[in-house]
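Visitor: starting from these lines, generate the structure:
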Amino acid sequence: MKSSVTLAHQKAMAMLDSLPVRSIGPSSTKLYSSLFRRLWSLPVIDPLRLGDSRDYYNVKKAAVVWGGQQLLERLLKKFQKAADEGNVDCARRLGRILQRVVSRLEPAFALEPPQRDKIPNFYQPSRWSSQEMSPQRGVGSKRHVLKRLPLQWREIVWAAVPQDSIYRDPIAGLMLSAARPGEYIPGPRARGHSPGILVTRDKDHLTLETCPLKSHDGKYGADRCGIRILIPEGGPAAVYLGERCLLAGGVLVICLETGDLRGTSDKLRKYVGRIGRIVFPAGPQITPYVYRSARLADIKAWAKDGGASAATAAGHSNDGTQRKYGHAAYGNPRGIVGVYSSREVRLISATKVMRLRQKTTNLGLD
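Guide: The predicted model follows:
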């Protein structure tokens, strides 16, 4: 009869062989490690929890596989070293630990069988979908938040920002520009170093220009884009930045790398979230990306061109991606006079819209 230590070793080896081999980046490693420790502390390791989004559930599934694999590999390596050195006591102790680990991982992998193939089996029903009350996917995303907010929500939040707040300039920029929060941080871009968001005043007009991230060195997106606004009609944020530009000699740079703002855009996200909870205690959660989505909705409402101008202001290479942002119905186009980009946007959605309009006109449905 085989000893319990030998059986534990064989079980652990068989389990490890059944797990897929995946290479993941450092950020995913950190995330999976944190999630696996949290799941391991539960009485039963189960990534499915009522109320979790589908994406979070899938990440926890991956964390269980990755964490189990890492744990088994480390224990088996130590076990083999103890066996090679003839350290029987250490090998027995590690064998007992392997038994406990295997006994915990076996039920978890039975609930969620690891996917060895690179192409997932879509015929196998998801446990998340089989819940009686599956949460709507993306219900809290930037696109769906706008329908739960009043049309003037940005002005309401702006009124709650203290006059002496160090975040006043960045929040004014979020209200007027379609830039990502990360673009307020100076750094290398496709066309060289970017100081942040460049705000220029010309008489009664403001121009907010950014060098976008995610342009892949200018191959798949614009290396420069911006929006032009008429100051009186642009609202309180436009008036505020207009005055700041006058004090700065006509040109102002909004960035998150000066004084107390030095750091990352995460500070801005947390501050926006706190102000949002004060103004709208019942929700929804407001983030800088909600501002970006709202600004692109403003541009859609202003241009009425199927999203081409929104893609231009966002620095995208085509207008297909603008569908991920706010709808024109939730936009307020006041003060916008133009948008521009260093790269002409390839029309996909706008072309379809124009063709559909032409068909409805020909059929007399307009």
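Visitor: chain center to stretch 101-114, what's the gap?
Guide: Relative to its chain's centre, stretch 101-114 lies at 30 Å (C-alpha atoms, centre = their mean, to the nearest Å).
Visitor: name the residues of that stretch that are buried.
Guide: Under the neighbour-count criterion of 16 or more other C-beta atoms under 10 Å, stretch 101-114 has 101, 102, 105, 108, 109, 112, 114 buried. Just so you know, the C-beta spots here come from the backbone N, C-alpha and C atoms, and that holds for glycine as well.
Visitor: check stretch 276-285 too.
Guide: Applying 16+ other C-beta under 10 Å to stretch 276-285 flags 276, 279, 280, 284 as buried.
Visitor: please apply the same query to stretch 333-344.
Guide: So stretch 333-344, judged by 16+ other C-beta under 10 Å, has buried residues 335, 336, 338, 339, 341, 342, 343.
Visitor: one step back: turn the buried residues of stretch 101-114 into TSV, including distance to residue 214 and secondary structure.
Guide: Formatted as TSV, the buried residues of stretch 101-114 follow (distance: C-beta to C-beta, whole Å; DSSP: H, G, I helix; E, B strand; the rest coil):
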residue	distance to residue 214	secondary structure
101	41	helix
102	43	helix
105	38	helix
108	36	helix
109	37	helix
112	33	coil
114	32	coil
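Visitor: tell me the one among these nearest to residue 199.
Guide: residue 112 (50.4 Å; C-beta to C-beta).
Visitor: ok, the closest one - contacts?
Guide: 47, 61, 64, 65, 127 (C-beta atoms under 8 Å, 6 or more residues apart in numbering).
Visitor: my read is that the third one contacts residue 37, right?
Guide: Going back to what we said before, that points to residue 64. No - applying C-beta atoms under 8 Å, one finds residue 64 not in contact with residue 37, separated by 11.4 Å.
Visitor: and these two? which has more neighbours close in?
Guide: Set residue 64 next to residue 37 and count neighbours by other C-beta atoms under 10 Å: residue 64 wins out with 23 against 11.
Visitor: does the more buried one belong to a helix, a strand or coil?
Guide: Following DSSP: H, G, I helix; E, B strand; the rest coil, we place residue 64 in the helix state.
Visitor: so who does it touch?
Guide: 36, 39, 45, 47, 108, 109, 112.
Visitor: in JSON lines, list those residues along with distance to residue 232 and pLDDT.
Guide: JSON lines is the format used below for these (distance: C-beta to C-beta, whole Å; pLDDT from 0 to 100):
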{"residue": "36", "distance to residue 232": "56", "pLDDT": "93"}
{"residue": "39", "distance to residue 232": "56", "pLDDT": "93"}
{"residue": "45", "distance to residue 232": "60", "pLDDT": "91"}
{"residue": "47", "distance to residue 232": "54", "pLDDT": "90"}
{"residue": "108", "distance to residue 232": "62", "pLDDT": "89"}
{"residue": "109", "distance to residue 232": "64", "pLDDT": "88"}
{"residue": "112", "distance to residue 232": "58", "pLDDT": "83"}
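Visitor: kindly indicate which of those lies nearest residue 188.
Guide: Nearest member of the contacts of residue 64 to residue 188, counting by C-beta to C-beta, is residue 36, at 34.7 Å.
Visitor: any residues touching the helix or strand harbouring that closest one, and which ones?
Guide: Assigned by DSSP states H and E, residue 36 belongs to helix 26-40. For helix 26-40, contacts defined as C-beta under 8 Å, 6+ apart pick out 24, 45-47, 59-60, 62-64, 66-68, 70, 104.
Visitor: CSV for those residues, including secondary structure and distance to residue 360?
Guide: Listed next are those as CSV, based on DSSP: H, G, I helix; E, B strand; the rest coil; distance: C-beta to C-beta, whole Å:
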residue, secondary structure, distance to residue 360
24, coil, 49
45, coil, 55
46, coil, 51
47, coil, 47
59, helix, 43
60, helix, 46
62, helix, 46
63, helix, 49
64, helix, 51
66, helix, 51
67, helix, 55
68, helix, 56
70, helix, 58
104, helix, 61
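Visitor: and those residues, which are buried?
Guide: The buried subset of these - by 16+ other C-beta under 10 Å - is 45, 46, 47, 59, 60, 62, 63, 64, 66, 67, 68.
Visitor: biggest separation within those residues, which pair?
Guide: 46 and 66 (16.0 Å).
Visitor: can you put the contacts of residue 64 in TSV and add distance to residue 302?
Guide: As requested, these are arranged in TSV below (distance: C-beta to C-beta, whole Å):
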residue	distance to residue 302
36	48
39	47
45	51
47	44
108	52
109	53
112	48
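Visitor: any idea which of these is closest to residue 256?
Guide: Taking the contacts of residue 64 together and measuring to residue 256 by C-beta to C-beta, the closest member is residue 36, at 32.7 Å.
Visitor: how close does the closest one sit to residue 67?
Guide: Separation of residue 36 from residue 67 (C-beta to C-beta, to the nearest Å) stands at 3 Å.
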